[in-house]
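J.: Here is my input, please return the structure:
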Amino acid sequence: MIKEFVGIIIKEIPYGETSKIIHLYTSDGIIGIMCKGAKTLKSPFRATTLKFTYGKFNVYYKENKLSTLISVDIINPLKRIKNDIILLSYLNYLTELTEQVIKQASDILFTNYLNTILKIEEGLDPLIMCNILEIKYLDYLGVGLNLDSCSLCGTTKDIITIDGDIGGYICKNCYHNEFIVDKKTIELLRMYYYVDIKSISNLKISAKIRDEINNFLNIYYDRYTGLYLKSKNFLKKLL
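T.: Residues are numbered from 1 along each chain as shown. You can find the predicted model right below:
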């Protein structure tokens, strides 16, 4: 059966001397595809089956088995990202993180991942876009944020700060010398969680608030997700 998939290549695996297998991430999940002769110099697949190729892939589809590639039409070459080591490092990290999240096919997961990449390609702040996706992924990792009340007593009143170690909002009565973040930082955490990524066209967020949110998420991820990603470590060294 011939099928067309819109997706992004997230992994290349050499197969023999001239071929390779790609893992294509789509709204249907990850699909394994055999690309015959893709490593040869004259192959039309040589340039179109590289990691992070985003396009339409026509394949001879075999459910629960390796499919076979027929053709590729590039949708967006992602030139801005691929020509910038920092942006490419963000893409590597977001892809590795996404692989930890996608245990089953999900239109929402794929759409959020894809739209985050496209917004970075458009020139939006990669750190902010990365943080937005990180917040949305927490539910799927089983450690979703409580964005409605104090993480210690449950009150919805007098929230004054957030803390990554404690796990979220802290109210006035539960406060014990934690760092006080800007009020906009608390508000934007909710916005990051609920915003439709595709609808974002402009990001006017101060460096102070951006960094407070990022620091909170770094601590929260380290403490509650149990993930250790090499791409995240490399990204931290670059920034």
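J.: so how far is Val195 from the most centrally placed residue in the chain?
T.: In the chain, the C-alpha closest to the average C-alpha coordinate belongs to Leu94, at a distance of 3.5 Å (CA atoms, centre = their mean). Counting by CB to CB, to the nearest Å, the gap from Leu94 to Val195 is 17 Å. Where you see a C-beta, it was placed from the backbone N, CA and C, and this is true even at glycine.
J.: again, but for Asn215
T.: Relative to Val195, and taking CB to CB, Asn215 is found at 20 Å.
J.: Equivalent analysis for Ile30, please.
T.: The spacing between Ile30 and Val195, counted by CB to CB, is 26 Å.
J.: Over to Pro44?
T.: Looking at Pro44 against Val195, where the rule is CB to CB, the gap reads 39 Å.
J.: Please identify which of those two sits among more neighbours.
T.: Val195 (14 against 11; other CB atoms under 10 Å).
J.: Can you get me a residue count around the closest residue to the more buried one other than its chain neighbours?
T.: Leaving out its chain neighbours, the residue that sits closest to Val195 by CB to CB, 6 or more residues apart in numbering is Ile132, at 6.6 Å. Neighbour count for Ile132, taken as other CB under 10 Å: 24.
J.: so Ile132 touches Tyr192, yeah?
T.: Yes: contact status for Ile132 versus Tyr192: in contact at 4.6 Å, counting by CB atoms under 8 Å.
J.: Return the residues in contact with the closest residue to His23 other than its chain neighbours.
T.: Counting by CB to CB, 6+ apart, the nearest residue to His23 once its immediate chain neighbours are dropped is Lys11, at 3.9 Å. Residues near Lys11 by CB atoms under 8 Å, 6 or more residues apart in numbering: 22-23, 51.
J.: Gly167: which of those is nearest?
T.: Within those, proximity to Gly167 (CB to CB) peaks at His23, which comes in at 33.6 Å.
J.: What residues sit buried inside stretch 109-125?
T.: By neighbour count, and taking 16 or more other CB atoms under 10 Å as the criterion, the buried residues in stretch 109-125 are 109-110, 112-121, 124.
J.: actually stretch 27-44, not the one I typed
T.: Neighbour-count burial for stretch 27-44 flags 28, 31, 33-35, 37-39, 43 (criterion: 16+ other CB under 10 Å).
J.: So what's the gap between the host helix or strand of Leu127 and the chain middle?
T.: In this assignment (DSSP states H and E), Leu127 forms part of helix 126-137. Between the centre of helix 126-137 and the centre of its chain there are 7 Å (CA atoms, centre = their mean, to the nearest Å).
J.: now what about it, what contacts it?
T.: Contacts of helix 126-137 with the rest of the structure, by CB under 8 Å, 6+ apart, involve 86-87, 90, 93-94, 97-98, 101, 112-113, 116, 119-120, 145, 189, 192-193, 195, 197, 200, 203, 205, 210, 213-214, 217, 221, 239.
J.: can you check stretch 93-111 too?
T.: By CB under 8 Å, 6+ apart, the surrounding residues in contact with stretch 93-111 are 7, 10, 25-30, 52, 113, 116-117, 130, 133-134, 137, 140-141, 197-198, 227, 229-232, 234-235.
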